[in-house]
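Novice: no FASTA, just this:
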RNA sequence: AGACCCGUGAUGUAACGGUUAGCAUACAAGAUUUUGAUUCUUGUUGUAAAGGUUCAAAUCCUUUCGGGUUUUCCA
């Protein structure tokens, strides 16, 4: 990581300040704490890159901690998916932890709190408690159970743990301040009864600790030095600190919670509920649909871990609201794929070209560079013959000189091959061009070194020999939503902004070298974009996803006119 | 409404009282190019507003304006 010269973000400033004030570099420790109740998305990726990036920068351990305190929502499946995604992003955690590992410790501490008169069992309904909570401007009122004796609280809490009560009958609350301007300090719930099997502790417990009571204490148990979370938790900090005050040992590290703004990516949604709806309603095929902002979706789409890390790096971390244009992400994939993706030729919207002066039975194999920017990428052979496909968009009967592709009476270079000249074309009854007749200059072969081959012709087209082409299903993806911020409109539902053209499935005609392409392979279809082999691919059927198109300044020129 | 947080070009971010406010993207122009890609060069746009403190303010203070968070037995 060559980030020695990169300016520091505000979190790093905080850490540098701590270091300067005598905090030991060896005591630095971070954590990434997902709840295993769904799939990770691009927003999580930022958090992962932040925490693990800090670990790398300061050579400090980073734990992967599952915040698994709600058995109603959490599953092992998600634990596995999260681990896979973090690994895929290229990070190694120091230890794998679970908040559920701390249930006993948390319970013991809760008992101590009761004994200290700082927690009590409340036996009201949730409605009653909500009514007593007050509002941001009005103080709350105290529960009638607030001053139960320690003995009564202890026996009730033990009975809660023993399973003597139904869900909702009792909760354990911290006794703080019902008049606090911070609603979270108005006697927050620490435990609730939940008769649900947990994916790890099974039925060992029927009371489960709440987030606030769990998170800071888990950080403390793991001796996390800097606990980073999103801005929504800023108000929780006061409670985080209050809970810590109850258990912290002066000789140990006291974790510090700091908050950063969640990264919002344009043209997408990331809330679990909304993504689930997209899946449930069949807008996408699943959580790993290449249009989804999930890590698994991005992976399937062909994004590389490196491009996502670079993205996280360039967008940085701060506290202000943001809406990051998805083009910043797209730039990073292009940038990375440009370096590593082998170049191949594939025609996606074919138009037949016949080279009339090329012998009918002749074929030749032409050497093509795999990556002009990478000497080590080597070469491959591409077949050339009399009948080829080019893109429909690459031929016009007539056009101005800004159009430097094929037009009648003019020449163009076939990439890696010959210079051809369009002589005539044929049309169907509707006037659509069905075939272009060309002649080629036999001495103009690429790399032959002849005077003819060195001739400058403005346009260069990709092509594929019809006889040798293999076909593949090609899935052209576009952004899922037409609005840059689909879920922020008060009067409209995010579903109203679904892009009806987010997926176009076509048949592509590809050079035969692609026959051996394997799932996950990433290539550049020259002049078209970056593509990867989809997981739906079978030995019988090859499927490509378009990761992202190339920059297209021609499209801009055309648009202007 | 209270409390808390936040306002730097089209987007993201940096500058932490001290050069012409930097970097990436975007956009524009030019060069190179057997990908209208890449690469290279150059350029364009910004400190929400008003007051103050100071020799000096994006940075400190005040006010206004704007945005966000906060009232789940979720995390």
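Specialist: All right, it came through fine. All figures in this text were calculated on a predicted structure; none of them were measured in a lab.
Novice: So what pairs up with residue A:64 in the strands?
Specialist: With DSSP bridges applied, the residues forming beta bridges to residue A:64 are residue A:32, residue A:96.
Novice: right, and it touches residue A:86 too?
Specialist: Yes - proximity of residue A:64 to residue A:86 meets the contact threshold set by C-beta atoms under 8 Å, at 6.2 Å. Placement of C-beta: from N, CA and C, glycine included.
Novice: Name the residues contacting each of these two.
Specialist: A:32, A:93 (C-beta atoms under 8 Å, 6 or more residues apart in numbering).
Novice: What's the local residue count around residue A:467?
Specialist: Using other C-beta atoms under 10 Å, residue A:467 has 12 other residues around it.
Novice: would it count as being in a strand?
Specialist: No - per DSSP: H, G, I helix; E, B strand; the rest coil, residue A:467 lies outside any strand segment and is coil.
Novice: where do the helices sit along chain A?
Specialist: All helices of chain A, identified by DSSP state H, fall at A:10-20, A:42-58, A:76-88, A:103-115, A:126-132, A:150-162, A:211-222, A:236-247, A:272-280, A:295-301, A:305-315, A:326-340, A:553-560.
Novice: Quick one: closest of those to residue A:526.
Specialist: Checking the helices of chain A against residue A:526 by C-beta to C-beta gives helix A:326-340 as the closest, at 11.8 Å.
Novice: The helices of chain A into JSON lines, with extra columns for distance to RNA strand B and mean neighbour count?
Specialist: Shown next, in JSON lines, are the helices of chain A (distance: least, C-beta to the nearest atom of the strand, whole Å; neighbours: other C-beta atoms under 10 Å):
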{"stretch": "helix A:10-20", "distance to RNA strand B": "5", "mean neighbour count": "15"}
{"stretch": "helix A:42-58", "distance to RNA strand B": "10", "mean neighbour count": "22"}
{"stretch": "helix A:76-88", "distance to RNA strand B": "12", "mean neighbour count": "17"}
{"stretch": "helix A:103-115", "distance to RNA strand B": "12", "mean neighbour count": "18"}
{"stretch": "helix A:126-132", "distance to RNA strand B": "3", "mean neighbour count": "13"}
{"stretch": "helix A:150-162", "distance to RNA strand B": "10", "mean neighbour count": "16"}
{"stretch": "helix A:211-222", "distance to RNA strand B": "3", "mean neighbour count": "23"}
{"stretch": "helix A:236-247", "distance to RNA strand B": "6", "mean neighbour count": "18"}
{"stretch": "helix A:272-280", "distance to RNA strand B": "9", "mean neighbour count": "15"}
{"stretch": "helix A:295-301", "distance to RNA strand B": "17", "mean neighbour count": "24"}
{"stretch": "helix A:305-315", "distance to RNA strand B": "3", "mean neighbour count": "20"}
{"stretch": "helix A:326-340", "distance to RNA strand B": "4", "mean neighbour count": "18"}
{"stretch": "helix A:553-560", "distance to RNA strand B": "4", "mean neighbour count": "10"}
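Novice: Return the per-residue confidence for residue A:315.
Specialist: With respect to pLDDT, residue A:315 scores 96.
Novice: residues touching the residue nearest to it when sequence neighbours are not counted, list them.
Specialist: Leaving out its chain neighbours, the residue that sits closest to residue A:315 by C-beta to C-beta, 6 or more residues apart in numbering is residue A:324, at 5.4 Å. Counting by C-beta under 8 Å, 6+ apart, residue A:324 makes contact with A:263-266, A:315.
Novice: Repeat the analysis, applying 10 Å as the threshold.
Specialist: Shown in contact with residue A:324 (C-beta atoms under 10 Å, 6 or more residues apart in numbering): A:42, A:46, A:263-266, A:311, A:314-315.
Novice: same check, this time on residue A:63
Specialist: Counting by C-beta under 10 Å, 6+ apart, residue A:63 makes contact with A:29-33, A:51, A:55, A:93-97, A:218-219, A:222-224.
Novice: Ok, residue A:382 next?
Specialist: With contacts defined as C-beta under 10 Å, 6+ apart, residue A:382 is in contact with A:344-345, A:364-368, A:415-417, A:463-465, A:468, A:511-513.
Novice: near RNA strand B, which of these show up?
Specialist: Subset of the contacts of residue A:382 in contact with RNA strand B: A:415-417, counting by C-beta under 7 Å from any atom of the strand.
Novice: For those, which entry has the maximal number of neighbours?
Specialist: residue A:417 (25 neighbours).
Novice: Surely that residue touches residue A:446?
Specialist: Yes - using C-beta atoms under 10 Å, residue A:417 is in contact with residue A:446, at 6.0 Å.
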